[in-house]
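Q: With the sequence up front, the predicted model follows.
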Amino acid sequence: MRGVVLAGWHRLCALPAIVQDAWLYLASAGFAGATAIFARSSDYRTWGQMAAVAYGAAAVICVAVAGVLARRSASDAARAARAASVGRRVVVVGVIAGAVLVPLVFQLVWRAEGLPGQHAQPEVAVVERAGDRAAASLDPYPAHPTTVGSAPRSDAKQVDASSFFPYLPGMVPFGLVNAVKAPPELQDARVALTGFTLIVGAIALLWSDASLARRGRALQFLVVLPSGALPMVTGGDDLPVLALMLLGLVLAERRRPVASGLVLGLSGTLKFTAWPMLLLMLLAVRDREGRPAPVRFGLSVLLVVAPVFGFGVAFDPRAFFDNVVRFPLGLARVRSPAASPLLGQVLAHQFPNHKLAVTALLVLAGAAVVVVAFVRYRPRTPAAVARFTGFAMIVATALAPATRFGYLIYPANLFVWAYVLDGMTASRSAAAVQSASSSSNTVSETVLVAASPTSAGEIDVAVGRTTTTASQ
């Protein structure tokens, strides 16, 4: 079975990029169409209706362009490749407009006008309520919450303390837009969440030295495909976390442990979903000389995390624990809106009178699976950290007592980012070979020459090879 899967994967990877795009957009159109038909909330259905058209059109255009290019002669191969690249970029821009911007604008306007129906997921109001309380110099974590914060707007409710706030303190600033004087459409927390995600994601991709094709694939999963477009339009609280994780990975791959620690520390102040990568990166982060740098990385993380957590806990430690730990684990009196037929939630619902014991067993089972995998496949590079974190997130999503399929956007993005980081390593390796070639260094058949004579003979952990130079 594994051989069949790998063979199919290799065949897919061997297809031209624009044909791969066609398949991705076709699958996305199917997902959007199913969402339009079967989703329970009207914001999901509205997105599905609009996005299905955008994805369907993108798939047709990609197939048409690929057909035209396939009929070009071999002598026109370079020109055809340039045309395909331009065509892919045009399609990406069109899909961003049709599957992200247009649906988002409609949802913002409809919510601001108070039209019937659901025009945002509950987490949008949750973030806004926390911002309202912080703007009024109150604790963003209510002491006795009773709801999940599904109110469409917060007019005249700026000190509402009825809704749980299950996020870490770093998420509070995204809700502050709701407390400023601005048109109601711009007071929606999704404006801040989306803008932050796009800016940070763009910086990460610009700083990556991977090929344009690999960076384009990362952009597709973060923003363009349903893995990014659907949460961006309807909720979006996970996307800033993902964007910061991507930037932190890129900085770690570029061997900047302090900068990576600061960025990943910031992601760790938003949601606990960033913490698996934070801990694993201690094993992989290195400085520019290739030396392990867990201390500098860890101190940089603490420099960001400690004051932010201090702010969250200072008002009322018990309220912080109830909102951030008990409610997401399904141990509060109010049921979390996260719902799915995944194993953890099914077991939690089957034994409602033993919820604490079931939760503890699920946590232990998940931890055991991850620990066994960690012992066998300890990650030692940023790319390996991304892959292992993706695996751990799959296990956590399957076994968490309060979970939803939407959390799978983490492993989907992380696996793609590992592919991007591999491209960064390959790019630097090629540059090192070229530099060594121009300098009369002797290259053996099994080793890779370092970029500078001072690093010759050391182990480059990111590449996994050694270097030698000619005797002087």
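A: It's in.
Q: Show me the shaky parts of the stretch 201-350 of the chain.
A: Where the stretch 201-350 of the chain drops to pLDDT under 70, the residues are 333-350.
Q: Quick one: the helices in it, in order.
A: Ranges of helices in the stretch 201-350 of the chain, per DSSP state H, counting those that start in this stretch, are 212-219, 226-234, 239-253, 257-267, 275-281, 294-314, 317-321, 343-350.
Q: got CSV for the ones you listed, with mean neighbour count and distance to residue 378 too?
A: All C-beta atoms are positioned from the backbone trio N, CA, C, and that covers glycine. Output for the helices of the stretch 201-350 of the chain, formatted as CSV (neighbours: other C-beta atoms under 10 Å; distance: least, C-beta to C-beta, whole Å):
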stretch, mean neighbour count, distance to residue 378
helix 212-219, 19, 25
helix 226-234, 26, 28
helix 239-253, 27, 16
helix 257-267, 24, 19
helix 275-281, 21, 9
helix 294-314, 17, 14
helix 317-321, 15, 32
helix 343-350, 17, 26
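Q: Nearest to residue 84, out of those helices?
A: helix 212-219 (10.4 Å; C-beta to C-beta).
Q: The closest one packs against which elements?
A: In this structure, helix 212-219 makes packing contacts with helix 77-95, helix 189-207, helix 409-437, judged by 3 or more C-beta pairs under 8 Å, 6 or more residues apart in numbering; DSSP states H and E.
Q: And the helix or strand in which residue 46 is found, what's buried?
A: Assessed by DSSP states H and E, residue 46 sits inside helix 42-70. Residues 43-48, 50-59, 61-63, 65-66, 69 are the ones in helix 42-70 that count as buried (16 or more other C-beta atoms under 10 Å).
Q: Stretch 170-181 now?
A: Under the neighbour-count criterion of 16+ other C-beta under 10 Å, stretch 170-181 has 170-179 buried.
Q: Now tabulate the residues you listed in JSON lines and tack on pLDDT, distance to residue 280 and secondary structure.
A: Below are the buried residues of stretch 170-181 laid out as JSON lines (pLDDT from 0 to 100; distance: C-beta to C-beta, whole Å; DSSP: H, G, I helix; E, B strand; the rest coil):
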{"residue": "170", "pLDDT": "95", "distance to residue 280": "20", "secondary structure": "helix"}
{"residue": "171", "pLDDT": "96", "distance to residue 280": "22", "secondary structure": "helix"}
{"residue": "172", "pLDDT": "95", "distance to residue 280": "27", "secondary structure": "helix"}
{"residue": "173", "pLDDT": "95", "distance to residue 280": "27", "secondary structure": "helix"}
{"residue": "174", "pLDDT": "95", "distance to residue 280": "26", "secondary structure": "helix"}
{"residue": "175", "pLDDT": "93", "distance to residue 280": "30", "secondary structure": "helix"}
{"residue": "176", "pLDDT": "92", "distance to residue 280": "32", "secondary structure": "helix"}
{"residue": "177", "pLDDT": "90", "distance to residue 280": "33", "secondary structure": "helix"}
{"residue": "178", "pLDDT": "87", "distance to residue 280": "35", "secondary structure": "helix"}
{"residue": "179", "pLDDT": "83", "distance to residue 280": "37", "secondary structure": "helix"}
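Q: a markdown table for those, including distance to residue 300?
A: Shown next, in a markdown table, are those (distance: C-beta to C-beta, whole Å):
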| residue | distance to residue 300 |
| --- | --- |
| 170 | 15 |
| 171 | 21 |
| 172 | 22 |
| 173 | 20 |
| 174 | 23 |
| 175 | 26 |
| 176 | 25 |
| 177 | 28 |
| 178 | 31 |
| 179 | 31 |
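Q: now, which of those sits nearest residue 220?
A: Distances from residue 220 to these, taken by C-beta to C-beta, are shortest for residue 174, at 24.1 Å.
Q: That closest one and residue 188, how far apart?
A: Relative to residue 188, residue 174 is positioned 10 Å away (C-beta to C-beta, to the nearest Å).
Q: swap in residue 361?
A: 40 Å.
Q: again, but for residue 78
A: 46 Å.
Q: ok, these two, which is more surrounded?
A: Using other C-beta atoms under 10 Å as the criterion, residue 78 and residue 188 rank with residue 188 on top: 29 against 8.
Q: Give me the pLDDT value at the more buried one.
A: At residue 188, the model reports a pLDDT of 94.
Q: Next one, pLDDT for the residue lying closest to it once chain neighbours are set aside please.
A: In space, and not counting its chain neighbours, residue 188 is closest to residue 108: 5.2 Å by C-beta to C-beta, 6 or more residues apart in numbering. Here, the pLDDT recorded for residue 108 equals 95.
Q: Shouldn't residue 108 be within a helix?
A: Yes - under DSSP: H, G, I helix; E, B strand; the rest coil, residue 108 falls within a helix.
Q: if I pick it, what's in contact with it?
A: 119, 185, 188, 190-191 (C-beta atoms under 8 Å, 6 or more residues apart in numbering).
Q: can you list the weak-confidence ranges in the stretch 51-200 of the chain?
A: Scanning the stretch 51-200 of the chain for pLDDT under 70 picks out 72-75, 149-161.
Q: Residues contacting stretch 375-384, please?
A: With contact meaning C-beta under 8 Å, 6+ apart, stretch 375-384 is reached by 249, 252-253, 280-281, 283-285, 385, 387-388, 418, 421-422, 425, 461-462.
Q: filter these to the buried ones?
A: For those, a neighbour count by 16+ other C-beta under 10 Å gives the buried set as 249, 252-253, 280-281, 283-285, 385, 387-388, 418, 421-422, 425, 462.
Q: quick one: which of the helices of the stretch 201-350 of the chain is nearest residue 113?
A: Closest approach to residue 113 among these is made by helix 226-234 (17.1 Å; C-beta to C-beta).
Q: Just want the angle from that closest one to helix 239-253.
A: Orientation check (axes from the mean of the first three to the mean of the last three C-alpha atoms, to 10 degrees): helix 226-234 against helix 239-253 gives 140 degrees.
Q: Tell me what angle helix 226-234 forms with helix 212-219.
A: Using the same axes, to 10 degrees: helix 226-234 against helix 212-219 is 50 degrees.
Q: Pretty sure residue 218 sits against residue 247.
A: No - Residue 218 is beyond contact range of residue 247, at 11.4 Å (criterion: C-beta atoms under 8 Å).
Q: isn't residue 424 right up against residue 255?
A: No - in this structure, residue 424 is not within contact of residue 255 by C-beta under 8 Å, at 10.6 Å.
Q: Looking at these two, which is more packed in?
A: Counted by other C-beta under 10 Å, residue 424 and residue 255 do not tie: residue 424 has more neighbours, with 23 against 19.
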